[in-house]
Every structure is written in structure tokens, then in C-alpha cells.
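J.: Predicted model and sequence follow; I will ask about them next.
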Amino acid sequence: MRFDILTLFPTMFDGPLGESIIKRAADDGLLDIRRYNIRDYATDRHKSVDDAPYGGGAGMVMKVDVLARAVGDVVGDAVVPVILMTPQGRVFTQQIAAELAQQPRIVLVCGHYEGIDERAMSLFSDQISIGDYVLTGGELAAMVVVDAVARLVPGVLAEASPQEESHSGGLLEYPQYTRPPAWQGQAIPPMLLSGHHAEIARWRRKQALARTREHRPDLLARAPLSAADRKLLAEIERDASTTETET
Ligand code: ADE
């Protein structure tokens, strides 16, 4: 999969793209991540990429002509998602990551300064925010999107199953344990040592449901639940109310 990142700060990406799983996948040719400096598309003597806002006010605004040249050069006639990273976009989720991972190529544009000229909006097919808070620029947001999408590209993760992890089935993930078997008086849940695979799967599903109920009731309300899940949830409710009456 190919990612084209348009940014004023290409070197900001060195760390996240130069380590670990993403680096290996790029070295193996599974990912082709290209960076472009928006400043290279400025034409004046000072290489200006921003200017003062019409109507006055604080901060600087990214220039539409520079952005249009940058996007035009990188995208050309290709039909690809061109996504602006902005706190005004739709909020990024695992589902959006999965949709983007189906694409052979996406283009991410990092906004900076106080904003970008409104006339540049027609350059983008989508706008994404990584959450309801404001960053100094779109770079960190683009890194989040690249990471979340790239790990869903077949072959990027060695063996793990993205289907089982938090959010992909609409639930948080069940708790995990590894050696040592006892640590500071805390043992491994006996079920995990039982060797009963079906029982372990049921226990894990119940843990995932209980956790999601506890930490993210909003996710639970939207999760696609089977009849077996509903039974487990009823058990969880019962367990919870017994604990409440005991204490
Ligand atoms: N740029 C600044 N804040 C952002 C956010 N929350 N998401 C995406 N891009 C941003």
C-alpha cells in the first residue's frame, strides 16, 4: 500500500516510520510511504506557505495556491482518497482504518498554523480528526492514521490476528497474561491453565464484554452481539449485582 504524506515538516515522521513494524514492512516492500514538503511548492522568494487572515485576527493561514500545486503534483490524474488531517474532520475509528486499508493508495495532507484557506477544501475528498482536541499540526494525526492503517495491510503483522484485538469486533480486548505464573501474589486466572479451548474462548469473550461494559458502555451499546453474548452479559450483570449486595 502506498501512502503519500504532504507536510511542512517531513522529518517529524522519521521516528515513527523508521522503527519497528512499520519500518520492516516498508523495507519488505509491503508499504511505500512517501513524504513531500509543501514548502517546495511555494513560488515566492521567501518560500511562503502561509499568510495573514483576511478580516484580521491572530495566526496565519495556509495558502490555497501552494496547497493546490502540492496536491496537484502528487495526485495528478490518479483517483485516490486525498485526506486533510484537521480537528474539523470526522473522528477516526478502527472502522475507518479498515476501510482505508482496502485502498491501494491514500494521500494525507497535514494542515498547520491556525488553519488553511477555505478555498482549499475542494482539493480533499475526506477530512479526518484523530480526536476532540487540537494539535499544533496534522503530522501526529497523520502518523496515527498511517500506523493504524498500515498494520491492517496483509503481511504487515507477522501472525497476530487484527480480528481479535480491541475495537475490531466492537469490543475491548480480553486480558492477557504470560510468565511468570505468580507475580507479587497475583496468580494467572486458572481457566487459562485448564487446556479447555472452548471454555477459554468463552471466558475471554465474557472478560471482553465485562471490560467494555465497565470502561466503554458507549461501544457496548453499538457492538454487534450474538445470543451467546447476551447470555454472558446477563451473567455479568448478575455477578455485578451479587458483588454489590455483598459489599
Ligand atoms: N490537526 C490539529 N488537531 C488535529 C486533530 N485532532 N486531528 C487531526 N488533525 C489535527
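T.: Perfect, thanks for sending it. Numbering: from 1, shown residues only.

J.: what about the strands in the protein?
T.: All strands of the chain, identified by DSSP state E, fall at 2-7, 32-37, 50-51, 61-62, 82-91, 105-110, 115-116, 126-129, 182-183, 186-187.

J.: any chance of the ones you listed in CSV, plus mean pLDDT, distance to the ligand and mean neighbour count?
T.: C-betas here are computed from N, CA, C, even on glycine. CSV is the format used below for those (pLDDT from 0 to 100; distance: least, Cβ to the nearest ligand atom, whole Å; neighbours: other Cβ atoms under 10 Å):
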stretch, mean pLDDT, distance to the ligand, mean neighbour count
strand 2-7, 98, 12, 22
strand 32-37, 98, 17, 16
strand 50-51, 96, 15, 16
strand 61-62, 96, 12, 20
strand 82-91, 97, 4, 18
strand 105-110, 98, 8, 23
strand 115-116, 94, 10, 20
strand 126-129, 98, 4, 19
strand 182-183, 96, 38, 10
strand 186-187, 98, 37, 10
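
J.: JSON lines for those strands, including distance to residue 150?
T.: Shown next, in JSON lines, are those (distance: least, Cβ to Cβ, whole Å):
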{"stretch": "strand 2-7", "distance to residue 150": "8"}
{"stretch": "strand 32-37", "distance to residue 150": "8"}
{"stretch": "strand 50-51", "distance to residue 150": "30"}
{"stretch": "strand 61-62", "distance to residue 150": "26"}
{"stretch": "strand 82-91", "distance to residue 150": "15"}
{"stretch": "strand 105-110", "distance to residue 150": "11"}
{"stretch": "strand 115-116", "distance to residue 150": "26"}
{"stretch": "strand 126-129", "distance to residue 150": "15"}
{"stretch": "strand 182-183", "distance to residue 150": "34"}
{"stretch": "strand 186-187", "distance to residue 150": "35"}
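
J.: burial measure for residue 74, as a count.
T.: 19 (other Cβ atoms under 10 Å).

J.: so it touches residue 105, yeah?
T.: No. Here residue 74 does not reach residue 105: they are 10.5 Å apart, not a contact under Cβ atoms under 8 Å.

J.: Now the common contact residues for the two.
T.: Shared contacts of residue 74 and residue 105 (Cβ atoms under 8 Å, 6 or more residues apart in numbering): residue 4.

J.: Do you know the pLDDT at the residue lying closest to residue 170 once chain neighbours are set aside?
T.: Spatially, and ignoring its direct neighbours in sequence, residue 170 is nearest to residue 223 (3.5 Å; Cβ to Cβ, 6 or more residues apart in numbering). Per-residue confidence (pLDDT) for residue 223: 95.

J.: Cross-check the contact I'm expecting between residue 223 and residue 172.
T.: No. Residue 223 lies out of contact with residue 172 (Cβ under 8 Å); the separation is 9.8 Å.
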